[in-house]
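Visitor: Prediction below, plus the sequence it came from.
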Amino acid sequence: MHMSDHFAELTEIDRRHWLHPVAPLRQHEKRGATIWQAADRIHLIDATGHRVQDAFSGLWCVNVGYGHESIVQAAAEQMRRLPYATGYFHFANEQAIRLAGRLTALAPAGLTHVLFGQGGSDAIDTAIRAVRYYFNATGRPNKKHFIGLERGFHGSSAVGSGLTALPLFHRFFDVPAPQQHHIPSPYPYRHADGPDPAAVLASTVRALRDKVAALGADNVAAFVCEPIQGSGGVIIPPPGFLAAMRKACDELGILLIVDEVITGFGRTGPMFACASEGVTPDVLTLAKGLTAGYAPMSATLISQELYQGIADGGSDGTAFGHGQTYAGHPVSAAVANAVLDLYTDGGLLENGQRVGQYFEAKLKDLESLPCVGEVRVRGLLGAVERRWCMDTAQAFC
């Protein structure tokens with residue numbers, strides 16, 4: 001079969017049978033797929049041989065670039081030795097055990113236990129289930145409400161999509177649920193109290209307090225946020241945002257869940273964005289850069305206090321009824337351990353911090369263009385926004 005015929009056949013199979021995520025499906029039927037065939041460092045190569053720079057790092061996940069042989073070798077060796085092992089009941093595997101230890105050592109102090117999963121959406125669902133279990137087990141069954149931010153993204157699962165606050169992920173899906181709420185995004189460029197960072201921060205804290213007061217603190221379980229809102233537009237909150245929300249959550253008697261699925265593993269500079277403000281959340285969700293996209297995996301880290309409450313909930317011998325077939329998968333864990341080696345011993349974290357300074361300086365040059373309203377950068381996470389008129393709520397170009 002001629003190569004062009006081969007890809008024409010693939011395009012037709014795709015058109016007929018693959019329902020693509022986050023795509024307008026009737027348009028996709030007409031357009032057909034762009035089929036990636038290979039990758040090399042920071043480039044992707046399509047079926048026609050066209051080479052493009054992957055500036056999006058897959059979906060903000062290929063933090064180490066394509067083609068690291070050390071990761072491939074780690075996966076292959078683990079596949080030969082032990083390609084699968086369940087983490088259910090009392091079973092374990094060395095790679096997942098070592099990964100759990102490494103993650104808790106690298107994470108903000110106080111996050112002592114890990115629940116593994118397959119991806120970011122799964123990590124958020126795990127966080128919500130763990131928090132619900134914790135409050136029920138500790139005699140506070142009314143604490144069921146979760147509060148997120150407008151423009152936030154916390155996956156597209158049946159539960160997490162309701163905490164996500166992007167209309168596309170709500171339309172026809174019957175979310176948010178009645179126990180899911182949102183407060184305005186701390187978005188200085190478009191905030192009603194912006195662009196003054198102090199005013200935006202004060203407004204956000206006030207909005208959380210007002211929402212908790214309206215719902216009743218005894219009914220609210222947690223506040224959920226990204227340190228930087230990724231899919232919502234790379235919205236960088238004012239300095240001190242995480243610390244202020246941590247303080248407010250403590251005073252209100254609710255938990256803080258921080259979603260670092262995008263920002264984790266050096267994307268914003270430090271290993272975790274929480275570290276930039278010295279904040280330890282009660283729950284931390286991770287994925288993407290955990291395996292640099294080489295294999296599916298997520299991790300939900302919880303505090304010692306949550307662990308003790310959850311563990312005591314099964315003191316009568318009842319098992320903790322949560323898990324997935326592939327949670328703690330040995331091959332994914334081997335990949336994650338190889339990727340962590342690159343972040344730490346391999347110097348990738350420091351390299352990202354150096355390149356991030358160059359990236360920000362060059363991208364900021366675009367603010368001189370009349371159609372650019374703002375350039376936002378933190379580490380190697382950035383956005384260029386069109387100039388915006390607050391009076392007419394219209395972009396100038």
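Guide: Yes, it's here.
Visitor: in the stretch 1-150 of the chain, which segments are predicted with low confidence?
Guide: 1-3 (pLDDT under 70).
Visitor: Apply 90 and report the result again.
Guide: Applying pLDDT under 90 to the stretch 1-150 of the chain flags residues 1-5, 7.
Visitor: Spell out, range by range, the helices that occur in it.
Guide: Ranges of helices in the stretch 1-150 of the chain, per DSSP state H, counting those that start in this stretch, are 3-17, 25-31, 57-60, 69-81, 94-106, 120-137.
Visitor: what's the fourth one in contact with?
Guide: Going back to what we said before, that points to helix 69-81. Here helix 69-81 makes contact (C-beta atoms under 8 Å, 6 or more residues apart in numbering) with 64, 95, 292, 294-295, 330-331, 333-335, 337-339, 341-342. Placement of C-beta: from N, CA and C, glycine included.
Visitor: Between helix 94-106 and it, find me the angle.
Guide: With axes from the mean of the first three to the mean of the last three C-alpha atoms, to 10 degrees defining the directions, helix 69-81 sits at 140 degrees from helix 94-106.
Visitor: Just the C-alphas of stretch 248-265, formatted as CSV.
Guide: Presented in CSV, the C-alpha positions along stretch 248-265 are these (Å, rounded to 0.1, in the frame of the first residue of the first chain):
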residue,chain,number,x,y,z
ALA,A,248,-9.0,32.0,55.1
CYS,A,249,-9.7,28.3,54.9
ASP,A,250,-8.2,27.7,58.3
GLU,A,251,-10.3,30.5,59.8
LEU,A,252,-13.5,29.2,58.2
GLY,A,253,-12.8,25.6,59.2
ILE,A,254,-12.7,24.2,55.6
LEU,A,255,-10.1,22.3,53.8
LEU,A,256,-7.8,23.6,51.0
ILE,A,257,-7.4,21.4,47.9
VAL,A,258,-4.7,22.6,45.5
ASP,A,259,-4.7,21.3,42.0
GLU,A,260,-1.2,21.2,40.6
VAL,A,261,-1.9,18.9,37.7
ILE,A,262,-0.5,21.6,35.4
THR,A,263,1.7,23.6,37.6
GLY,A,264,3.5,20.7,39.3
PHE,A,265,7.0,19.4,38.6
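Visitor: so how far is it off the chain centroid?
Guide: 12 Å (C-alpha atoms, centre = their mean, to the nearest Å).
Visitor: So Ala207, which state does it fall into?
Guide: helix (DSSP: H, G, I helix; E, B strand; the rest coil).
Visitor: so what's Pro238 closest to, chain neighbours aside?
Guide: Pro197 (3.4 Å; C-beta to C-beta, 6 or more residues apart in numbering).
Visitor: That neighbour - how many residues pack around it?
Guide: 18 (other C-beta atoms under 10 Å).
Visitor: now Ser156, what's its secondary structure?
Guide: coil.
Visitor: wait, isn't it in contact with Ser121?
Guide: Yes: with contact defined as C-beta atoms under 8 Å, Ser156 reaches Ser121; the gap is 5.7 Å.
Visitor: the more surrounded of the two?
Guide: Ser121 (23 against 18).
Visitor: Tell me who's in contact with the closest residue to the more buried one other than its chain neighbours.
Guide: Nearest non-adjacent residue to Ser121, counting by C-beta to C-beta, 6+ apart: Gly155, 2.9 Å away. Listed by C-beta under 8 Å, 6+ apart, the contact set of Gly155 reads 119-125, 161, 164, 261.
Visitor: same question, Trp36
Guide: 44-47 are the contacts of Trp36 under C-beta under 8 Å, 6+ apart.
Visitor: Check Glu150 too.
Guide: Contacts for Glu150 (C-beta under 8 Å, 6+ apart) come out as 165, 182-185, 232.
Visitor: Take those residues and keep only those in strands.
Guide: For the contacts of Glu150, the ones inside strands are 182-183, with DSSP state E as the criterion.
Visitor: Quick check: the farthest pair among the contacts of Glu150?
Guide: Ile183 and Gly232 (13.4 Å; C-beta to C-beta).
Visitor: list residues touching both of those two?
Guide: Common neighbours of Ile183 and Gly232 (C-beta under 8 Å, 6+ apart) are 149-150.
Visitor: More neighbours: which of these two?
Guide: Ile183 (23 against 18).
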